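# I would like to see how this sequence folds:
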Amino acid sequence: MVQQGEQAIRYGGAREPERPLGRSIRRGMLCRCPHCGDGRLFRAFLKPVDACAVCGEEIFHHRADDLPAYLVILVVGHVLLTGYMLTDMAFRVSPWVHLAIWVPLAILAAILTIQPIKGGVIGLQWALKMHGFGGTDDEAADPGRGGPIS
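Residues are numbered from 1 along each chain as shown. A predicted model of the protein is given here:
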């Protein structure tokens with residue numbers, strides 16, 4: 001126990017700045033840099049910038065892969081299926097009418113949600129220091145990706 005006037009012994013390097021998970025995901029979903037919140041995250045619709053123009057945080061090494069698409073399918077599918085089921089119970093209409101309503105809504109909803117969800121995934125990776133965001137090369141330490149076996 002530390003007595004008054006004594007200083008606790010701290011082992012290891014200097015403490016790294018905190019990376020709050022919720023704030024990082026929120027900034028990513030707003031298509032902003034998860035580090036500073038000011039710089040743009042995307043240079044094209046789904047192509048992230050290599051580095052933030054404001055703070056210089058490198059973003060090129062993110063690995064969002066297919067997770068944003070899976071999350072879009074999960075979210076849009078649940079919302080639209082609920083809407084379909086509720087309208088089908090309330091109104092008896094032809095399947096063609098449902099097709100004319102729900103297919104365009106599904107396409108529009110998927111297009112509108114994919115970029116914010118991908119930004120949120122990049123923000124999540126940044127906050128958890130995954131895939132190079134922590135300053136280390138994850139692939140060099142992963143034997144499954146051709147790294148050394150230790």
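# what sits up against stretch 34-41?
Surrounding stretch 34-41, the residues in contact under the criterion C-beta atoms under 8 Å, 6 or more residues apart in numbering are 19, 23-25, 27-28, 30-33, 48-49, 52-55, 57, 59, 119, 122-123, 126-127. C-betas here are computed from N, CA, C, even on glycine.
# Give the PyMOL command for selecting the buried subset of these.
In PyMOL, a selection of the buried entries from those looks like this (16 or more other C-beta atoms under 10 Å):
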select buried, resi 19+24+25+27+28+31+32+33+48+49+52+59+119+122+123+126+127
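# From the contacts of stretch 34-41, which land in strands?
Assignment to strands by DSSP state E places none of the contacts of stretch 34-41 there.
# quick one: which of the contacts of stretch 34-41 sit in helices?
Of the positions in the contacts of stretch 34-41, R23, S24, I25, R27, G28, G119, I122, G123, W126, A127 sit in helices, assigned by DSSP state H.
# What sits closest to V54 if chain neighbours are left out?
Leaving out its chain neighbours, the residue that sits closest to V54 by C-beta to C-beta, 6 or more residues apart in numbering is G39, at 3.8 Å.
# Tell me how far that neighbour lies from K129.
Taken as C-beta to C-beta, to the nearest Å, the spacing of G39 relative to K129 amounts to 19 Å.
# The two - which one has more neighbours?
It is G39, of G39 and K129, that has more neighbours when counted by other C-beta atoms under 10 Å, with 19 against 14.
# now the helices: where do they sit in the chain?
Assigned helices in the chain, in chain order: 21-29, 67-90, 95-127, 138-141 (criterion: DSSP H).
# Roughly how far does the residue nearest to V54 sit from H131?
Relative to H131, G39 is positioned 19 Å away (C-beta to C-beta).
# Thanks a lot, see you next time.
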